[in-house]
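J.: Predicted model, plus sequence, below.
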Amino acid sequence: GKPFDEASKEGVLKLLKYVGGTNDKGIGMGMTAPVSITAYPAEDGSLQQKVKVSLRIPSQFQANPPCPSDESVKIEERQGMTIYSTQFGGYAKETDYVNYAAKLKSALGSEAAYHKDFYFCNGYDPPMKPYGRRNEVWFVKE
């Protein structure tokens, strides 16, 4: 129910606390990239006020990940996927993801089969990195 950028920041902070040690084992796991935000586009291409923010749990913790102390943080297994992707720089905001998703959709045309009800907005860099930033939009192939 919050704007995309605000909800995304809130989700990222919760995950940072989890990987930083706010979990049942009190273990800091370290940060992984990318931070992946599941976006849900409306008919007009704008984003619904609903997001899911995800991080990859570091390999050494995947078999037995610590339980999050925050009950709004969930652990889920993501299956392998094939994606269509586009990359761009800068500090990405909702408008950037929407614009690049539209460009990717246009580049793919009508032949490519991918999920239209969601896509992933990915950021690879910490906030203190001002230059050479990497962001991606992923469409998941059907």
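T.: Done, it's in. Numbering: from 1, shown residues only.
J.: Work out for me the element the residue minimising distance to the centre of the chain sits within.
T.: Centroid-nearest residue in the chain: Ser36, 1.4 Å away (criterion: Cα atoms, centre = their mean). Element membership of Ser36, judged by DSSP states H and E, is strand 35-41.
J.: Is the residue of the chain most remote from its centre in a helix, a strand, or coil?
T.: With Cα atoms, centre = their mean as the measure, the chain has its most outlying C-alpha, relative to the mean C-alpha position, at Glu111: 25.7 Å. Glu111 falls in the coil class when you classify it by DSSP: H, G, I helix; E, B strand; the rest coil.
J.: so what's the residue nearest to the centre of the chain closest to, chain neighbours aside?
T.: With Cβ to Cβ, 6 or more residues apart in numbering as the measure, Ser54 is the residue that lies nearest to Ser36, at 4.5 Å, once sequence neighbours are left out. The C-beta positions use only the backbone N, C-alpha and C, and glycine is treated the same way.
J.: quick one: the residue farthest from the centre of the chain and Lys141, what's the gap?
T.: Taking Cβ to Cβ, to the nearest Å as the criterion, Glu111 is separated from Lys141 by 12 Å.
J.: just Gly109 next, same as before
T.: Taken as Cβ to Cβ, the spacing of Gly109 relative to Lys141 amounts to 14 Å.
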